[in-house]
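J.: output the structure for:
(chains A and B, ligands or ions: 2)
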Amino acid sequence: MSNAPLLEVRGLNAWYGESHVLHGVDLDIREGETVTLLGRNGAGKTTTLRAIMGILRRREGVIRLRDKDLLALPLHKVAQAGIGYVPEERGIFASLTVAENLTLPPNVSDGGMSIDEIYTLFPNLHERRSSQGTKLSGGEQQMLAIARILRTGAKIILLDEPTEGLAPVIVQRIGDVLIALKERGMTILLVEQNFRFARKVADRFYLMEDGRMVNSFPGHELDARMDELHEVLGV
Amino acid sequence: MSTIFGIPTPALYGQILIGLINGSFYAMLSLGLAVIFGLLRVINFTHGAQYMLGAFAAYLLLTYAGISYWPSLVLAPLLVGAVAIVIERFMLRRLYGLDPLYGLLLTFGLALIFEGAFRHWFGAAGKPYAPPAQLTGALNLGFMFMPIYRGWVVAASLFVCLGTWLLIEKTRLGAYLRAATENATLVQAFGVNVPLLLTLTYGLGAALAALAGVLAAPIYQVSPLMGSNLIIVVFAVVVVGGMGSILGAIVTGYVLGVLEGLTKVFYPEASSIVIFVIMAIVLLVRPAGLFGREE
Ligand SMILES: Nc1ncnc2c1ncn2[C@@H]1O[C@H](COP(=O)(O)OP(=O)(O)OP(=O)(O)O)[C@@H](O)[C@H]1O
Ligand SMILES: [Mg+2]
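T.: Ligands and ions are numbered 1, 2, ... in the order given. Prediction:
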């Protein structure tokens, strides 16, 4: 693990139209690290991911992947630079089968998982490969949303609340998948409200409030900081 | 002479054939409109003019370059598709994300310019375009004589519609197109060059219109306004089928063509409005169209 960050965000500001949502966000992720973004509803977690991806276009500041300036790239070049995105709303396409959804994102580098490996990891997807994508259960759709990015060879994946609204057994499955990915050296930026889930996978936490990063600490300090977190997150 | 409901059968079959021919053009044109609308959210009022440009391209290639029907079947769509790509890149593209009215106004204006320019250069009168020698004559089907060229048009349009449907439903490019129709931003965030996909789609839609124009040239004659007469009906077909529905455009095109032909036999006075009456009923009962997804 080298020390230079794989993804580096500096002083990021972002706007939805006229409304200024991110105020100077700083964020670093080193290669192979899993970093979790915490913050209450509306803190700007999703917006941070959307700004990094370039889905949200009105941005200022610095976003670098290794030495590449992502801010200057058109949207489709960001994924090609090696970032995979699993959106909060999952984004499974109704007019595509499960298999078509799975193979939709183009490869961005070699070294992604093969279809066989993916079907071994997610046997449900194999069983239902000819079904319409949106006919899957919520948990299966989430698996599909993650699986289709694993295929592409992305170096870093941005995961927005993958456990939201899912049953505990499914959450457990997704946790196992993330741990397996970590072991393969994948770099992960995770947005998560579920502490118990996040503590199992996160190397480091960032805490967001009102569009700003207010704190950052290593994973093992989570328990010691519980009171502080409860206050900021209001849980 | 045999009759059905008091109508001589040859007349009935004749009108059904005419209905099938018209339906072939409705299907090919509404298919292009549906693909363009689905992805670009642009109501392409230039479509009729692109159909006319296809027919004129074939006519001009023959008259000034001696290039015959068969090569024109490929060349005319390529030429018109290339013009469409220029239109998309330099004009239409600037209007995405604005009120769809702007796209409608632009494409309507372009149609007027193309049709006006061609009327200025070539006059309003129709120009004959002979069918290729291999497709002249008629075939005795037993129950009627069918001009071979007309049979060819029906077969060619079925082939084109089926091919386009397969391209959209069964290929990777088609999967991009379907996905981008649902959520273009996410598809682009996955690394697909969606702006290029939009350009190609507009080019493909226009090329389909031009191909229909070449097929039509020996049947309807070549004239600057041939498209504007047709396109109104084609819009009605698209609405009945369901805006953006590929299968809906194809099936509705043929069915309404034949229904129109049958109306000519049984109640000729209504034949020019029957499609619009059906459109009105469909809009009342099922506003998303027969094949459209209700939102
Ligand atoms: N499309 C939008 N247009 C305008 N404002 C938006 C839009 N999406 C989000 N916002 C605003 O931006 C702020 C940050 O929202 P964001 O979705 O990033 O929060 P979040 O931290 O992901 O919350 P949650 O935990 O609910 O997902 C909120 O105040 C929200 O109201
Ligand atoms: Mg969110």
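J.: which helix or strand contains residue 76?
T.: This is for chain A. helix A:75-80 (DSSP states H and E).
J.: I was after chain B.
T.: Residue-wise, B:Ala76 maps onto helix B:69-90 under DSSP H and E.
J.: mind listing what's buried in that helix?
T.: B:69, B:72-73, B:75-77, B:79-81, B:83-85, B:87-89 (16 or more other Cβ atoms under 10 Å in any protein chain shown). C-beta here means a position set from N, CA and C on the backbone, and glycine is covered the same way.
J.: kindly report the same for stretch B:52-70.
T.: For stretch B:52-70, burial by neighbour count (16+ other Cβ under 10 Å) applies to B:52-62, B:67, B:69.
J.: hey, where'd the strands end up in the chain?
T.: Since you didn't name a chain, this refers to chain A. A:5-16, A:19-30, A:34-38, A:59-65, A:68-69, A:83-86, A:156-160, A:187-191, A:204-209, A:212-218 (DSSP state E).
J.: not quite, I wanted chain B
T.: Along chain B, the segments classed as strands by DSSP E run B:3-4, B:7-8, B:138-140, B:145-147.
J.: mind checking the end-to-end distance for stretch B:127-143?
T.: With Cα to Cα, to the nearest Å as the measure, stretch B:127-143 spans 32 Å from end to end.
J.: run through who's touching it.
T.: Stretch B:127-143 has contacts (Cβ atoms under 8 Å, 6 or more residues apart in numbering or on different chains) with B:9-10, B:13, B:55, B:58-59, B:62, B:68-70, B:145-149, B:151-152, B:217-218, B:221-223.
J.: can you flag which of the residues you listed belong to helices?
T.: Here DSSP state H is the test, and the contacts of stretch B:127-143 give B:9-10, B:13, B:55, B:58-59, B:62, B:69-70, B:148-149, B:151-152, B:217-218 as lying in helices.
J.: and the two most separated of the residues you listed?
T.: The span of those, defined through Cβ to Cβ, is set by B:Thr9 and B:Leu62 at 37.6 Å.
J.: where does pLDDT dip in the chain?
T.: As the question left the chain open, I've gone with chain A. Of all residues in chain A, those with pLDDT under 70 make up the ranges A:1-3, A:235.
J.: hm, I was asking about chain B
T.: Applying pLDDT under 70 to chain B flags residues B:1, B:294-295.
J.: tell me how many other residues crowd whichever residue of it sits closest to chain A.
T.: For chain B and chain A, the shortest gap (Cβ to the nearest Cβ) falls at B:Gly191, measuring 3.3 Å. If you count neighbours by other Cβ atoms under 10 Å in any protein chain shown, B:Gly191 ends up with 25.
J.: count the residues that sit near B:Ile21.
T.: Applying other Cβ under 10 Å, we find 24 residues neighbouring B:Ile21.
J.: contacts only, for it.
T.: By Cβ under 8 Å, 6+ apart, the contact set of B:Ile21 is B:150, B:153-154, B:219, B:257.
J.: interface residues of chain A facing ligand 2?
T.: Proximity of chain A to ligand 2, by Cβ under 5 Å from the ion, involves residues A:46, A:88.
J.: up against ligand 1, what does chain A have?
T.: Counting by Cβ under 6 Å from any ligand atom, the residues of chain A close to ligand 1 are A:16, A:19, A:21, A:39, A:41-47, A:88.
J.: cutoff 5 Å now
T.: Within chain A, the positions near ligand 1 by Cβ under 5 Å from any ligand atom are A:16, A:21, A:41-47.
J.: no further questions, thank you.
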